[in-house]
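*Asks:* Sequence first, then the predicted structure, then my questions.
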Amino acid sequence: MGLVRTSRPVPVEECEWTFPKPGRRSGRDGLLAIGADLSPSTLVYAYRHGVFPWPHDDAPLPWFSPNPRGILPLDHLQVSKSLRQRLRRCGWTTTMDRAFDEVILACSQRPDGSSTWIEPAMIAAYNELHRLGWAHSLEVWDGARLVGGLYGMLLGGVFTGESMFHHETDASKVAIVDLTDRLLDARGAFIDVQLVTDHLASLGAIAIGRPLFLELLAECRDDEVQLLTNELDVARLAVPSASAAVPYRVEQGSR
């Protein structure tokens, strides 16, 4: 079977809401606005302008644009020796968009069974975005068992990661490494990780100022980028990708 790439997203209607521009008036934690809705047009507009929703308890829907912003430049990926061994020996495979609903449901649950900020309304909204071709999932498989994955928004050359999960050690790391390789193959730009955690920093994520992030996003959000969706063996990731020969240089702001 030939290689298959993600389809181009379905255009959405013009956003009905007016978001303030991220700037000095944004909260210290990046809080930008409260309210609006989770319609496709609202979400696509927000992500294209560096803003994302992050529900908190029963409060009105808050929207954030953090400063600094966490990103993973594709040429900055760090794969430890132990992770390379995992990639070489585990026998796992990966796919894209094969089990979006399963991935987002897994991301919505903590290991102890409690819920997260990914509420039913968020799940429904992102399932609709997936149907329209804006939201995508990356699945990690051990045979027929889903052991890890992530989901997020693809905006031109930028993939904004929303959440990830793992049922086996390193499975979420494998998902990020695999996504990076698929983006490199498609000549993408970088992964927006929103906030840098220790987990993401170990893979090469860095924090940059919000003005630079917004500049890079505007430069890349309309690129023609389509990712491979085929089932691929993760053993290929144990060696550096040849696609990395033309990296995206964040410090230069151009390719």
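*Replies:* Arrived safely, thanks for sending. All of these numbers come straight from a predicted model, not from anything done at the bench. Numbers count the residues shown, from 1 in each chain.
*Asks:* looking at it, Ile206 is touching Asp192, isn't it?
*Replies:* No - counting by CB atoms under 8 Å, Ile206 stays clear of Asp192, with 11.7 Å between them. Backbone N, C-alpha and C define where each C-beta goes, glycine included.
*Asks:* When those two are compared, which one has more neighbours?
*Replies:* Neighbours were counted for Ile206 and for Asp192 using other CB atoms under 10 Å; Asp192 has more, 24 against 17.
*Asks:* Give the intersection of the neighbour lists for Ile206 and Asp192.
*Replies:* Residues touching both Ile206 and Asp192 (CB atoms under 8 Å, 6 or more residues apart in numbering): 70-71.
*Asks:* pLDDT weak spots in the protein?
*Replies:* Scanning the chain for pLDDT under 70 picks out the ranges 1-2, 24-28, 112-115, 240-255.
*Asks:* and the most centrally placed residue in it, which of the three is it?
*Replies:* Residue closest to the mean C-alpha point of the chain, counted by CA atoms, centre = their mean, is Gly161 at 1.9 Å. Applying DSSP: H, G, I helix; E, B strand; the rest coil to Gly161 yields a three-state assignment of strand.
*Asks:* Beta-bridge partners for it, please?
*Replies:* For Gly161, the beta-bridge partners are Gly152 (DSSP bridges).
*Asks:* next one: the one 4 residues further on
*Replies:* On the basis of DSSP bridges, Phe165 is bridged to Gly149.
*Asks:* and it, what is it in contact with?
*Replies:* Contacts for Phe165 (CB under 8 Å, 6+ apart) come out as 103, 106-107, 109, 148-150, 172.
*Asks:* I'd like to know which of those are buried.
*Replies:* 103, 106-107, 148-150, 172 (16 or more other CB atoms under 10 Å).
*Asks:* Buried residues, stretch 135-155. List them.
*Replies:* Neighbour counts using 16+ other CB under 10 Å place 135-141, 146-155 of stretch 135-155 among the buried residues.
*Asks:* likewise stretch 6-24?
*Replies:* Across stretch 6-24, burial judged by 16+ other CB under 10 Å covers 6, 9, 12, 15, 19, 22.
*Asks:* and the gap between the nearest residue to Ser80 once chain neighbours are set aside and Ser172?
*Replies:* In this structure, Ser80 finds its nearest non-sequential neighbour in Ser202, 7.4 Å apart by CB to CB, 6 or more residues apart in numbering. Using CB to CB, to the nearest Å, Ser202 is found at 11 Å from Ser172.
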